[in-house]
Every structure is written in structure tokens, then in C-alpha cells.
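J.: whatever this is, show me its structure:
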Amino acid sequence: MKRALLIFPFALNLVIFPQVAATAADDSTVHQIGTYDYLLQPDFTGLQQAEKVTDRTTLGLGTFANLDGELVMVGGVAYRVPTTGIPERITGKELTPFVQAINFTPTKSGPVPPGTQCSQLIPAINELVGTDQGVIAVRVRGTFSQLETRSVPKQVKPWPTFATVLAQQTKFTLDGKKAVLVGFRQGPDYLGVGQPGLHLHGLTSTMNAGGHILSCTAGNDVQLSVQRASSVEIEN
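T.: The predicted model follows:
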């Protein structure tokens, strides 16, 4: 088995091989543009059109060139959540410095106890997949007694630090909403590829609100579903 390979800057079609054995019919690769470390340089320049990965996947998250809003994809449909907090369906032609996406076919699912916070989900994810390593696609859906999201405004050069950008974020309170949260749990062996730990974006069931998940608390009907990625393919 080949070991994970990280090279900066990335060459076109760099593939990080693989974290679990895959069959010929396996479709559990994470297709990715850019990396989280690329954003932290900081560099928010668009690298590819979003459709490069969103046209062949069903679940994902990311951002847009100049950090102009949050990208969230559910059921194969991708949206941009700007600082208005109102999701807008994208064309796919938008440039992006960072997107992670996968054809989501959950292999394990389970109920989330009421009162569980987003910050407490990682142990449950690790238990479902049996490891704290690798990249795990995650979907959390149901009614949330507490839910806070955010988006950030468009940036201009010279690029500010990521911390400066986050100080400009607009927050949205969506308590009591039914929503779907999607994203990835990055293990310590994939640091820099995606945001460390659990990174989630979300949309309400009515598709009229969403963004990057800052915090959440599960209601009585929340379900957690996971899929372990077999590999990560990064394109620049």
C-alpha cells in the first residue's frame, strides 16, 4: 500500500493514495481542489472551477475565490452561502481555492443523543468507523435545538490572515431548525489536507439558510451517517 504523500505546492492531479483498500468498483475517493493549508498561507486565489469536483460528487464543502461565501453541497446540488445567509445555487463555473467532495454512500449510521453538541461528535464518528485516522465523510441531519452558522465577506489582496478574516464573519442563529450538516473528519495523518478535526457546513431543510457550522446541539431526531474515504485526490 502506498503511503500518503503531501507536496507543497501541489502538482496537477496529485493523488494521495490510499487510506483503505479499494475495489475496482469503489467510488469513495474524496475529490478535492486546493487544501486547508493553502488557505492558511494565506492565499484565496481561485485554482479551478468548482464543477471540476462538484459535477461528479454528491456531498461536499468549501469556499470560493477571494473567500466569497461558503460552499455546501447536499444531494449533488451545490450552493453558495454569502454574508446574507441565504443559499444561492451555483453554476459550477465559479472559481474556488478549496473544495472537498465525495459520492456519499454511508456505510454506518446511528442516532445522535439529544443534547449532543457538534464539538462532541468526533468520538461517535471514530466509533462508527473504528479509527481516528484518515478522512471520513460525515452527514448529520435532523432538528437542532441550537444551531449557529457563519459566512465571511469577499477579500482583496494583499490577503489578510485567516484569523483576520474570521474576525469579520457574519453569524446566523438557526435554533430549532431542521437541517442537514455535511463535511469531513480529518485524522491526524491528513493534517493540512482539510480543516483539522471535524469541518461541517450546512443547509436548513427549506434551503433558505446555512453556512459554516460554528456550533450545534442535537434535538430528538438527529441521525449521524459516515463513510470512510478510500483515497484523496487533490487538483491544483
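J.: tell me the domain boundaries of this structure?
T.: Following automatic domain parsing, the chain resolves into domains at 14-102, 108-228.
J.: how about the longest helix anywhere in the chain: buried residues?
T.: Counting by DSSP state H, the longest helix found in the chain is helix 121-129. By neighbour count with 16 or more other CB atoms under 10 Å, helix 121-129 contains the buried residues 121, 124-126, 128-129. For every residue, glycine as well, the C-beta is placed using N, CA and C.
J.: for Ile234, which of the domains of the chain is the nearest?
T.: domain 14-102 (4.7 Å; CB to CB).
J.: off-centre distance for the closest one?
T.: 8 Å (CA atoms, centre = their mean, to the nearest Å).
J.: any idea of the mean pLDDT for that domain?
T.: When pLDDT is averaged along domain 14-102, the result is 90.
J.: which residues in this protein form helices?
T.: 36-40, 51-54, 121-129, 162-166.
J.: which of those helices sits closest to Glu233?
T.: Nearest to Glu233, of those and by CB to CB, is helix 51-54 at 8.8 Å.
J.: what's the neighbour count on the nearest residue to Gln100 once chain neighbours are set aside?
T.: Leaving aside its sequence neighbours, Gln100 sits nearest to Gln32 (CB to CB, 6 or more residues apart in numbering; 5.0 Å). Neighbourhood size, Gln32 [other CB atoms under 10 Å]: 29.
J.: returning to what we had before: need the domains of the chain in a markdown table (columns: distance to Asn236).
T.: Shown next, in a markdown table, are those (distance: least, CB to CB, whole Å):
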| stretch | distance to Asn236 |
| --- | --- |
| domain 14-102 | 5 |
| domain 108-228 | 13 |
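J.: of those, which is nearest Glu235?
T.: domain 14-102 (5.5 Å).
J.: okay, now Arg139: neighbour count?
T.: 20.
J.: now for the closest residue in space to it that isn't next to it in sequence: which residues touch it?
T.: Closest residue to Arg139 apart from its sequence neighbours, by CB to CB, 6+ apart: Ser225 at 4.6 Å. Shown in contact with Ser225 (CB atoms under 8 Å, 6 or more residues apart in numbering): 106, 108-109, 138-141.
J.: bridging residues for Ser225?
T.: Ser109, Arg139 (DSSP bridges).
J.: neighbours of the nearest residue to Lys93 once chain neighbours are set aside, just the number please.
T.: Once flanking residues are discounted, Lys93 sits nearest to Gln49: 5.4 Å by CB to CB, 6+ apart. Using other CB under 10 Å, Gln49 has 19 neighbouring residues.
J.: doesn't Glu94 make contact with Gln49?
T.: Yes - contact status for Gln49 versus Glu94: in contact at 6.7 Å, counting by CB atoms under 8 Å.
J.: the residue nearest to Arg139 and Thr143, how far apart?
T.: Distance check for Ser225 against Thr143: by CB to CB, to the nearest Å, it reads 16 Å.
J.: follow-up on the earlier one: show the buried residues in the contacts of Ser225.
T.: By 16+ other CB under 10 Å, those give 138-141 as buried.
J.: circling back: so which elements touch the longest helix of the chain?
T.: Applying 3 or more CB pairs under 8 Å, 6 or more residues apart in numbering; DSSP states H and E, we find helix 121-129 packed against strand 108-111, strand 135-151, strand 178-186, strand 197-204, strand 223-228.
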